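Undergrad: Sequence and predicted structure below; questions after.
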Amino acid sequence: MDYGIAIDIGTTTLGAALVALDEGRVLREASRLNSGRMFGADVISRIQASNDGSQMMLQDLMRSDLTALLKELVSADVSSYIKYIAIAGNTTMLHLLRGYSCAGLGTFPYTAVTLSSECLKAKDVLPNAVFLSDETKVLLFPGFTAFVGADVAAGVYSLTGTGESRFLLL
């Protein structure tokens, strides 16, 4: 059986679900606080912290939080069968995860480095998640604007799509 993981990176909380891909059934769920909140509870504070020299620390905290979250969901007998990890979040949280500059997000005209979907090797996004297969892919949902992110796109998509094949069209 193949599995997927759906993750929502919130400014204060991270949530994830382990899903059996052939059934679309949620098998386990986990959540944890976003450690980046030490820089402030809101997006603007995170943008400022990133622009003031804490970008790498914010990325490391995000990666660490996500790896810990995955460890809560994934047992040894399942880890090699994780095919996809789908991640949604606001534009700032995805920029922090990827290590992209947040400079354009904090000043008018509020531009993102990218709003496109991305399909990457899990090891490139979460290098400390050594329990994942080399074949595991991370799919980052696209955003709409600097302040209407992939979390909204994922919500819209969930209303219109069904199953893995529709998801992979992104």
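TA: Arrived safely.
Undergrad: With just CA atoms, put the longest helix seen in the chain into PDB.
TA: Ranked by residue count and defined by DSSP state H, the top helix of the chain is helix 55-73. C-alpha atoms of helix 55-73 as PDB (Å, rounded to 0.1, in the frame of the first residue of the first chain):
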ATOM      1  CA  GLN A  55      16.100  33.500   7.800                       C
ATOM      2  CA  MET A  56      18.400  30.500   8.200                       C
ATOM      3  CA  MET A  57      17.300  29.900  11.800                       C
ATOM      4  CA  LEU A  58      13.600  30.100  10.800                       C
ATOM      5  CA  GLN A  59      14.200  27.600   8.000                       C
ATOM      6  CA  ASP A  60      16.000  25.200  10.400                       C
ATOM      7  CA  LEU A  61      13.200  25.500  12.900                       C
ATOM      8  CA  MET A  62      10.600  24.800  10.200                       C
ATOM      9  CA  ARG A  63      12.500  21.800   9.000                       C
ATOM     10  CA  SER A  64      13.000  20.500  12.500                       C
ATOM     11  CA  ASP A  65       9.300  20.900  13.300                       C
ATOM     12  CA  LEU A  66       8.200  19.100  10.200                       C
ATOM     13  CA  THR A  67      10.700  16.300  10.700                       C
ATOM     14  CA  ALA A  68       9.400  15.800  14.300                       C
ATOM     15  CA  LEU A  69       5.800  15.900  13.000                       C
ATOM     16  CA  LEU A  70       6.600  13.300  10.400                       C
ATOM     17  CA  LYS A  71       8.200  11.000  13.000                       C
ATOM     18  CA  GLU A  72       4.900  11.100  15.000                       C
ATOM     19  CA  LEU A  73       3.000   9.900  11.900                       C
END
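Undergrad: what's in contact with that helix?
TA: 5, 7, 9, 14, 16-18, 28-32, 34-36, 38-39, 46, 49-50, 85, 93, 96-99, 101-102, 125-129, 131-132 (Cβ atoms under 8 Å, 6 or more residues apart in numbering). Quick note: C-beta positions are derived from backbone N, CA and C, even for glycine.
Undergrad: change it to 6 Å
TA: 14, 16, 18, 28, 30, 32, 35-36, 50, 96-97, 99, 126, 128-129 (Cβ atoms under 6 Å, 6 or more residues apart in numbering).
Undergrad: what's the answer for stretch 14-31, then?
TA: 1-2, 4-8, 13, 32, 34, 65, 69, 72-73, 164.
Undergrad: Tell me where the protein has helices.
TA: Going by DSSP H, the chain shows helices at 43-49, 55-73, 76-79, 91-98, 122-125, 150-160, 163-167.
Undergrad: can you pull the buried residues of the fifth one?
TA: So the one you mean is helix 122-125. Neighbour-count burial for helix 122-125, counted by 16 or more other Cβ atoms under 10 Å, picks out 122, 125.
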